[in-house]
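Colleague: requesting a structural model of the entry that follows:
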Amino acid sequence: MPVMLAVIAWASWRLARRHAGLGRPARLLAGGIALALLIVAELLVAHAQGLRSWAELIASRDPVSGGVYLASLLVFALAPACWRSPAGRDMAAGSP
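Modeller: Here you go, the predicted model:
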């Protein structure tokens, strides 16, 4: 999990730097879309492994590691919005 969190931090930082014109709301939307795609991929893999529903997927996880995984999904979705753009052009801060 630490490696995944480091990759999430690096990728979200790179998104903020590479697309400096994106404001914080747009980066939050990008994180939400990425989270939705990740959940769809996870459900497809679970279905291919024989699990039929999201509830079965959650029930199959260890309580501790499952909670950490769900927390990392939240970090995954919010991380792009946590960085300031290089020019300080975060629309949420009121800058043009």
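
Colleague: now L28: how far from R14?
Modeller: Distance, L28 to R14, using Cβ to Cβ, to the nearest Å: 16 Å. All C-beta atoms are positioned from the backbone trio N, CA, C, and that covers glycine.

Colleague: and the lengthiest helix in the chain, what other elements does it pack with?
Modeller: What stands out as the longest helix in the chain, according to DSSP state H, is helix 24-48. Identification of packing neighbours for helix 24-48 by 3 or more Cβ pairs under 8 Å, 6 or more residues apart in numbering; DSSP states H and E yields helix 2-18, helix 54-59, helix 63-82.

Colleague: any chance of the ones you listed in CSV, plus mean neighbour count, distance to L35 and mean pLDDT?
Modeller: CSV is the format used below for the helices and strands packed on helix 24-48 (neighbours: other Cβ atoms under 10 Å; distance: least, Cβ to Cβ, whole Å; pLDDT from 0 to 100):
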stretch, mean neighbour count, distance to L35, mean pLDDT
helix 2-18, 14, 11, 87
helix 54-59, 12, 14, 74
helix 63-82, 15, 4, 86
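
Colleague: which one, of those helices, ends up nearest to G32?
Modeller: helix 63-82 (5.7 Å; Cβ to Cβ).
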